[in-house]
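Participant: Prediction below, plus the sequence it came from.
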Amino acid sequence: MPSPETTTIVRNDLGTIAWEYAMEASQRGFVRSQIFPTFETSRKEGEYPVITAESFLKLQPTARAMRGAYNRSDYTFKNQTYSCVENGFEELLDDSERELYGDAQIEAETIATLRAVDVVLRKQEQRAITMAIDTSAISNAGAGTAWSTSATATPRKNVLDAKEAMRSGFGVKPNIMVISDASKNDLLLTAEIMDALKYTNPIELGGEEAQLRVLASYFGVDEVIIADAQIDSAKKGQSKSLSDLWTTSICGLYKVSSSRDLKEPSFGRTMLWTGDSPQNIVTEQYREDPLRSDVFRVRQNTDEVYTFVGAGRLITGVA
């Protein structure tokens, strides 16, 4: 006999909860959305413009003769291709498990959905960070003295040198700085920073948000962001072995954009195919009777890409 057809439904109510959870990912140390902001596209694959310094830094003649035409740019942007890939994960909610929640069925469904959301977001975070700290693709230089060497570290010079390298080499300046939580703690203990701020804004005072604002002002960027996501690298059934996705020895400086202008010099984007995945997280449900379970599926269709690799600079050896 043919198997009964399974009906999959989109759960917009759970989708709203998942969306809120994803929006709060940065508070849990996820940095993908800041470094690779989402760009919605109606096509699964295609071309996008890659910025070159020559396309916006050349000094062009602008004078116009009487009745003459204005000079025009003859530069063309290089194109690269993107191809969105579907990623997803499913969580089962057994009928007997539902019974444990009694009348609070939506709570059981929410818990199952958010477990799947976290799996998908954490894998996406890994993909983004792998690109964001790739020293073979992104210009970089060593710190010289690790920031953990509190007495003699010179983090301000390291950052200013990196910013100048971006400005002189590619014509852009970073607006965000990404570091690990360990590097943030090292910075707070450096003699340089403590001495510079001890009379005006003691860095050891206040909570983390206040400290990050002070550090952003000190280094001349809009925001200092902590990359704090972790994974359990132990095999199934073994004791957990936690490790950071962000390499603690790297500080990343990036120029990122909040607009939809792909020709604006910025580091990267997350291409999101809206034809299949209207949002970065889509939530669905279907029944699997042989297992007496409802299946809650979370999926996305994306591709994380560089749009201008010159809008990034890495400082290595900070830890």
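Facilitator: Alright, I've got the coordinates.
Participant: hey, let's count contacts and neighbours off CA atoms from now on
Facilitator: Fine.
Participant: Model confidence for Gly144, exactly?
Facilitator: At Gly144, the model reports a pLDDT of 96.
Participant: neighbours around Ala229, how many?
Facilitator: Neighbourhood size, Ala229 [other Cα atoms under 10 Å]: 20.
Participant: same check, this time on Trp147
Facilitator: 26.
Participant: pretty sure it contacts Lys157?
Facilitator: No - if you go by Cα atoms under 8 Å, Trp147 and Lys157 don't touch, sitting 11.5 Å apart.
Participant: With adjacent residues omitted, what lies nearest to Lys172?
Facilitator: Check again: residue 172 is Val, not Lys. Met166 (5.8 Å; Cα to Cα, 6 or more residues apart in numbering).
Participant: The longest strand belonging to the chain - contacts with which helices or strands?
Facilitator: The residue-count maximum for a strand in the chain (DSSP state E) belongs to strand 293-306. Using 3 or more Cα pairs under 8 Å, 6 or more residues apart in numbering; DSSP states H and E, the elements in contact with strand 293-306 are strand 78-83, strand 85-94, helix 105-132, strand 268-273, strand 282-288.
Participant: Most tightly packed of these?
Facilitator: strand 268-273 (a mean of 27; mean count of other Cα atoms under 10 Å).
Participant: For it, which strands pair with it and how are they oriented?
Facilitator: Strand 268-273 has its sheet partners listed here by DSSP bridges as strand 38-41 (parallel), strand 293-306 (antiparallel).
Participant: following the shortest one, which helix or strand comes up?
Facilitator: What it means is strand 38-41. Downstream of strand 38-41, the first helix or strand assigned by DSSP states H and E is strand 45-50.
Participant: from the chain's centre, how far out does that next one sit?
Facilitator: 20 Å (Cα atoms, centre = their mean, to the nearest Å).
Participant: what does stretch 230-241 give?
Facilitator: Counting by Cα atoms, centre = their mean, stretch 230-241 comes out at 23 Å from the chain centroid.
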